[in-house]
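[1] Got a sequence here, can you build the structure:
(chains A and B)
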Amino acid sequence: MPRRPRTAKKLAQRIELSYFKRAHPLRRWRFILSATFPALAIAWLAVAGVSKNRSPYSMGPVSAPHALFGQKCSACHVADTVSFRHPVTDQTCLACHDGPIHHADQVFTPSCSSCHVEHQGRIRLIAVRASSCTQCHADLTTRAGAPHFVRSVLSFARHPEFAPLRANFKNPGTIKFNHAAHLAPNLIGPGGQRVKLACDDCHRPGAPRGSWRYGQPGVEAVTFSGGGQYAPVSAAISSSFHSSAAAQQRVELAYMAPSTYANTCFSCHPLQFDARFAASVPHDQPAIVHAFLVKQFQAYVAAHPEAARQQAALPRLPGMAVPRQARVLGRDEWVAEQVSASEDLLWRKTCAECHTLTFSAGNSLPTIAPSRITKRWLPHANFSHDAHRMVTCVSCHATIASSQLTADVNLPNVRVCQECHAARASAAPAGCFECHTYHDWSREKVYPGKFSLPDLLKSSRNFAARPPVAAIINR
Amino acid sequence: MIAAAILLVIATAIYIPYALNSPQGPRGGSAIGLAFGIVGFALMIFAGLLGARKKFPVWRVGRAQTWMRGHLWLGLVSLPIILFHAGFHMRGTLTLVLMILFFTVIASGVFGAALQIYIPRKITIEVLMETIYEQIDHIRSQLRDEADQLATAACGSLDGKSDVDTAPGGDTSASAVEVGVEVREDARDLLREFYLCRMRAFVEDPARSHSPLGDPPQASGIFEELRLRLPRELHDTLKDFESICDEERQLTRQARLHRVLHAWLLVHVPLSYALLALAAVHAVMALRF
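    This is a model prediction of the structure:
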């Protein structure tokens, strides 16, 4: 039987009644730490404040083009005279670079910083989110009433079909061209040899990458740099290339050079007009062709006077032997006759094979319809063939091998693009800005700089550890 | 809890369309983002006021239990609301520090809340002789005195020079000391040696002594052995010694559990104050820029 009974009285006697007056270690440490931690936090900010270091308050590094004055908060955060706020206003942005409006009929103009969000690291500021665009284009309204464009575009997944592929679109081109025939094997090529054409025999990005296989020797490659009111390909593509040469090269590689006779047709489709001449007529307007023919025949008859006196074949009647009759023509008559015969060959067959010619009364020369070959099918969007060079041509232009008509538009449809460009982690980006440009850069105004280099360098606290200015500018 | 759940549902219902339709994603500086920030900061301040409520228990501002529940649930809801405010981003040094502090405070709070459920039950079950934590040292000294008295009564003077029949100071009531027990000298010496060499260090400071008496099975074995070796007349004293050792072990266990139960507050409370201080600075500077 234990002799230490645990009664309430005994337990009460053991209690030291003034125990709460002593600071217990746990409580003491809690008090010390509760005073120390906030004090350390405030001290950190105080030290930063004294040393004029605003980085604790920065929401992150600024974008690469603004990196040089990333430490100079006042460059963008301008003091509001009314309150203590230092917001970034549109005027601050517009002091250095223009931001032309999107469209004259737009009903809403977002602030610069609502789309181009800074302090998100070394990002491209032009890479705005799709929601920047869909805040208007989800339900497009304009000052002019019904919008000219599709009213509702919510994302690339719901992007409407490209305009040239819609039912009411008509290909403006007038050149008679059959892709299927040209992609057939065993075509008769230069010198009668059999050839098989490849896409890049006729379609190449603008920058010259060697001579054209079937082009006219000595003819420079034609380049095409995009253009278009809302699709300044140079602005979009060159944004990551401050070097103008590199940017220009990327721009020229973006679009296919226009197919011209000199670059693509010359070798297989010579413009011969007479067996006595090795030269072909120039691929030019009828008046120039006519002048060329006159000149050629005049030179020929001067060198061969007997040609004007030769027997000429008279028109043959069916069932009769051909009567031969010697004719003696003047040189001019002979030239006119020969030119007329050659032109008849050219206008009726050679030229008409590709071109549409119209003859009018009172004019001996035909009128050739403008070719109107579309250089850029999607003038409101940027596209770079160079960026897609890892895929074969027919994987996107799948209809090309069966295309027989000029009216065919062999653009890949939007679903082809959507197969790769989608809003999933493993897909290529599908943001609006990937193809479209908001600002109408054709209206851009150039602003003079407002910073001095010493100011910028002074504001850049870690400048010594950074690359030279030239390297930053040319990056 | 219901209020917190309603608040969370409303906040989520606002956030989802806001996040989907914001041109550049959800941002703290937008109107809705600021609203989330204000609500979140208000909830943090409310959670922080629990400390003040505890300091002044006589204030008639609601029951302490209500405050604690509000602290727990509204403090927990402040996490998603602050994440909605930040758009689930942590850009910038100050905001990163704030988020780290916030997550640490919330995590330590959840951990502490879980401990508050688990540990008290464990103490109730394992520590039958629970006392006020701050009294443990005081009671330990009383136990040591009591053990000294028992040992002196049974063995005579603890230095072994002379035998006494009564406890030191003449106190014969407190510990039911056996007086005038006829016991062999060698048995007294054995008990004295056990007490002085093994038990007293344990009674004085159980944690540092690393004594086998701190382990119940080992202690039971030791006392069982002593009972075999000592005459029956000393068995009651042994039983008292065993009882004292058991109480010491329970006090040690209580102290350990108490430290576990409250140590998280050393993280939770100081970081909460630091968080509130920095959040206030963040609010001012964010509005400024």
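[2] so where is the stretch 1-150 of chain A shaky, pLDDT-wise?
    Judged by pLDDT under 70, the stretch 1-150 of chain A has its weakly predicted residues at A:1-3, A:81-82.
[3] Cross-check the contact I'm expecting between residue A:204 and residue A:257.
    Yes - counting by Cβ atoms under 8 Å, residue A:257 is a contact partner of residue A:204 at 5.8 Å. Any C-beta I mention is one placed from the backbone N, CA and C, and that applies to glycine too.
[4] what helix or strand is residue B:260 on?
    Secondary structure assigned from DSSP states H and E places residue B:260 in helix B:235-263.
[5] Mind listing what's buried along that helix?
    B:236-255, B:257-258, B:261-263 (16 or more other Cβ atoms under 10 Å in any protein chain shown).
[6] Could you list every helix and strand in contact with it?
    The contact analysis (3 or more Cβ pairs under 8 Å, 6 or more residues apart in numbering or on different chains; DSSP states H and E) places helix B:235-263 against helix A:25-50, helix B:93-126, helix B:136-155, helix B:200-204, helix B:206-209, helix B:216-229.
[7] Run through who's touching the fourth one.
    To tie it back to what came earlier, the one meant is helix B:200-204. Here helix B:200-204 makes contact (Cβ atoms under 8 Å, 6 or more residues apart in numbering or on different chains) with B:140, B:143-144, B:147-148, B:151, B:209, B:211, B:213-214, B:244-245, B:248.
[8] For stretch A:371-384, what does the pLDDT average out to?
    For stretch A:371-384, mean pLDDT is 89.
[9] what's the neighbour count on residue B:105?
    Using other Cβ atoms under 10 Å in any protein chain shown, the number of residues around residue B:105 comes to 26.
[10] How about the contacts made by it?
    Going by Cβ under 8 Å, 6+ apart, residue B:105 touches B:268, B:271, B:272, B:275.
[11] So what are the structural domains in chain B, by residue number?
    Annotated domains of chain B cover B:2-115+B:265-288, B:133-262 [automatic domain parsing].
[12] Serialize those to CSV and add fields for mean pLDDT.
    Shown next, in CSV, are the domains of chain B (pLDDT from 0 to 100):
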stretch, mean pLDDT
domain B:2-115+B:265-288, 90
domain B:133-262, 82
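[13] follow-up on the earlier one: wait, which of the contacts of residue B:105 is closest to residue B:32?
    Comparing those against residue B:32 with Cβ to Cβ places residue B:275 closest, at 22.8 Å.
[14] Pretty sure that closest one sits against residue B:44.
    Yes - the criterion here is Cβ under 8 Å, and residue B:275 meets it with residue B:44 at 7.0 Å.
[15] what's the closest non-adjacent residue to the spatially most central residue of chain B?
    Central residue of chain B (Cα atoms, centre = their mean): residue B:258, 2.5 Å from the mean position. Of all residues not flanking residue B:258 in the chain, residue B:133 sits nearest, at 4.6 Å (Cβ to Cβ, 6 or more residues apart in numbering or on different chains).
[16] Same check on residue B:25?
    Per Cβ to Cβ, 6+ apart, closest to residue B:25 is residue B:87, 5.8 Å.
[17] Give the full set of residues in contact with that neighbour.
    Listed by Cβ under 8 Å, 6+ apart, the contact set of residue B:87 reads B:19, B:25, B:26, B:27, B:28, B:33.
[18] could you dump those residues to a markdown table with secondary structure and neighbour count?
    Below are those laid out as a markdown table (DSSP: H, G, I helix; E, B strand; the rest coil; neighbours: other Cβ atoms under 10 Å in any protein chain shown):
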| residue | secondary structure | neighbour count |
| --- | --- | --- |
| B:19 | helix | 17 |
| B:25 | coil | 17 |
| B:26 | coil | 22 |
| B:27 | coil | 20 |
| B:28 | coil | 21 |
| B:33 | helix | 21 |
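[19] Out of those, the closest to chain A would be?
    Lowest distance from chain A to the contacts of residue B:87 (Cβ to the nearest Cβ) belongs to residue B:25, with 6.3 Å.
[20] just to revisit the earlier point, tell me which of the helices and strands packed on helix B:235-263 lies nearest to residue A:111.
    Among the helices and strands packed on helix B:235-263, if distance is taken as Cβ to Cβ, the winner is helix B:93-126, at 22.4 Å.
[21] Using CSV, write out the CA atom coordinates for stretch A:367-386.
    Output of stretch A:367-386 as CSV, limited to C-alpha atoms (Å, rounded to 0.1, in the frame of the first residue of the first chain):
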residue,chain,number,x,y,z
THR,A,367,-3.7,44.0,-123.4
ILE,A,368,-2.4,41.6,-120.8
ALA,A,369,-4.4,41.3,-117.7
PRO,A,370,-2.3,42.1,-114.6
SER,A,371,-1.2,38.8,-113.0
ARG,A,372,-2.3,39.8,-109.5
ILE,A,373,-0.3,37.0,-107.9
THR,A,374,-1.0,37.3,-104.2
LYS,A,375,2.2,37.9,-102.4
ARG,A,376,0.7,37.7,-99.0
TRP,A,377,-2.5,35.8,-98.4
LEU,A,378,-3.0,37.0,-94.8
PRO,A,379,-2.2,40.6,-94.8
HIS,A,380,-3.4,41.1,-91.2
ALA,A,381,-1.2,38.4,-89.8
ASN,A,382,2.5,37.7,-89.6
PHE,A,383,3.8,34.4,-90.7
SER,A,384,7.4,33.1,-91.1
HIS,A,385,8.1,30.2,-93.5
ASP,A,386,11.6,30.3,-92.0
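[22] Sweet, I'm off.
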